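Peer 1: A predicted structure for the sequence below; I have some questions about it.
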Amino acid sequence: MRADAQRNRERLTAAAQEVFSEQGAGASLDEIAKRAGVGPGTLYRHFPTRESLQEAVYRDAVERLCAAGDELRSGADPRQALAEWMRLLLAHMITRRGLAEALVNALGKQGDVFVVSHRDLHQVGGDLVDRAKRAGAARPDLDHRDLLWMIHGIAQSGAGEDGAARTQRLLSIMIAGSLA
């Protein structure tokens, strides 16, 4: 891909991330093109369907989350790293809930985007949990799959008037109960 085309694709993905987060997965594609500083034709050359753009945004978000997890694995104290991973994972799930739902509706739960994303998230999460357990910083019976399910449940509890406060309270309780 030419350098200018790659820049346009990156700008489109970044703009779509913002617009989908603000307005939901059904947001205007024209608004995304406008925020990216390109015309609608450029958007459609890179992403011929709404689903292809949504998939690119979701993949990019998971790649960024996994990269953050990799940094945590290599640097931070295992206890702090696991707690921060839980916070990042919750923010990811809340921010992209509508996008994930739209992709499930369009592609099904067994779509490649979910298979690859789940595999990568499980790898990073599993490594962080194992590292914390080896350091005596996490419950010995903590399983990364349980952690992902609990955070998913917390993310789902965020609807309603006090949703943000509720999710943070539940996450704090989960962190306290997971770490040694």
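Peer 2: Done, it's in.
Peer 1: Who are the packing partners of the lengthiest helix in the chain?
Peer 2: As assigned by DSSP state H, the longest helix anywhere in the chain is helix 50-74. Judged by 3 or more Cβ pairs under 8 Å, 6 or more residues apart in numbering; DSSP states H and E, helix 50-74 is in contact with helix 3-23, helix 29-36, helix 78-95, helix 97-107, helix 112-134. Just so you know, the C-beta spots here come from the backbone N, C-alpha and C atoms, and that holds for glycine as well.
Peer 1: buried sites along the shortest one?
Peer 2: Pointing back at helix 29-36 there. Residues of helix 29-36 classed as buried: 29, 32, 33, 36 (neighbour count, 16 or more other Cβ atoms under 10 Å).
Peer 1: What of the third one?
Peer 2: By neighbour count with 16+ other Cβ under 10 Å, helix 78-95 contains the buried residues 78-79, 81-86, 88-90, 92-94.
Peer 1: what angle sits between it and helix 50-74?
Peer 2: Relative orientation of helix 78-95 versus helix 50-74 (axes from the mean of the first three to the mean of the last three Cα atoms, to 10 degrees): 170 degrees.
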